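J.: From the sequence below, what's the structure:
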Amino acid sequence: MLELAILGFLAEGPLPGHELRSRVARLTGFSRPVSDGSLYPAINRLSKAGLLERSPAPGAGPARYVLSLTEAGHAKMLDRLREPADHEITDFTRFLTILAFLSRLPSVADQHAVLRRRLEFLEQPASFFYAGDRPLRAAEVEDPYRRGMMLTARATSRAERTWLREVLGDDAPSGVVRSTLEEQPPAGRS
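T.: I've put the predicted structure just below:
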């Protein structure tokens with residue numbers, strides 16, 4: 001997701017390395033801190049792959065440069081957004097990175113296809129805790145902290161499903177009875 005964030009921010013325009021680091025850190029740093037040890041190797045990989053270019057920053061010393069996206073980099077970003085991996089749909093933090101740049105896809109149909117995949121995932125009964133193969137509901141969990149974890153996740157999942165249906169123009173979840181969905185523990189665990 002680090003590489004997608006780099007490509008996505010550079011799709012908005014050329015940036016000096018330090019500004020790119022700042023933007024990526026603000027996007028993902030709350031859950032996955034961005035270190036120079038991960039950012040700059042990713043920039044080097046993308047540069048070697050021909051997906052971005054470095055050029056000297058105007059009026060700066062030799063150590064300062066500006067990064068910009070190449071046509072191949074733009075195409076790669078669109079491909080990653082159009083066809084996210086399953087774990088990028090199911091992991092909340094990764095999905096937020098997809099959302100941050102999804103409007104870059106020129107086709108609303110492609111945008112909605114990604115959103116529908118996320119909604120389908122969220123509509124599946126799931127839990128953090130199980131009795132055998134059966135997902136436990138919050139009311140069945142005695143530990144108050146686990147119950148709190150489940151209630152918080154359920155509220156987040158419910159809000160996200162509501163937003164997704166609104167964006168997609170759906171009134172109800174596809175193929176899922178609302179009362180069953182509301183009784184089930186949340187999907188979308190990270």
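J.: Counting neighbours, what do you get for the residue nearest to K76 when sequence neighbours are not counted?
T.: Nearest non-adjacent residue to K76, counting by Cβ to Cβ, 6 or more residues apart in numbering: L51, 5.4 Å away. C-beta: built from backbone N, CA, C; applies to glycine. L51 has 22 neighbours, counted by other Cβ atoms under 10 Å.
J.: so where do the strands sit in the protein?
T.: 15-16, 52-56, 65-69, 130-131, 134-135 (DSSP state E).
J.: right, so these: which one is the most enclosed?
T.: Of all the strands of the chain, strand 65-69 has the most neighbours on average by mean count of other Cβ atoms under 10 Å, namely a mean of 19.
J.: what's the angle from that one to strand 52-56?
T.: When axes from the mean of the first three to the mean of the last three Cα atoms, to 10 degrees is applied, the directions of strand 65-69 and strand 52-56 differ by 150 degrees.
J.: elements contacting strand 65-69?
T.: With contacts taken as 3 or more Cβ pairs under 8 Å, 6 or more residues apart in numbering; DSSP states H and E, strand 65-69 sits against helix 2-11, strand 15-16, helix 17-28, strand 52-56.
J.: For F121, find the nearest of the strands of the chain.
T.: strand 134-135 (14.2 Å; Cβ to Cβ).
J.: so what strands line up beside the closest one?
T.: strand 130-131 (antiparallel) (DSSP bridges).
J.: ok so, going back, in TSV: the strands of the chain, plus distance to A100 and mean pLDDT.
T.: Formatted as TSV, the strands of the chain follow (distance: least, Cβ to Cβ, whole Å; pLDDT from 0 to 100):
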stretch	distance to A100	mean pLDDT
strand 15-16	15	92
strand 52-56	18	91
strand 65-69	15	93
strand 130-131	32	92
strand 134-135	30	90
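J.: got TSV for those, with distance to R117 too?
T.: Output for these, formatted as TSV (distance: least, Cβ to Cβ, whole Å):
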stretch	distance to R117
strand 15-16	30
strand 52-56	27
strand 65-69	25
strand 130-131	24
strand 134-135	21
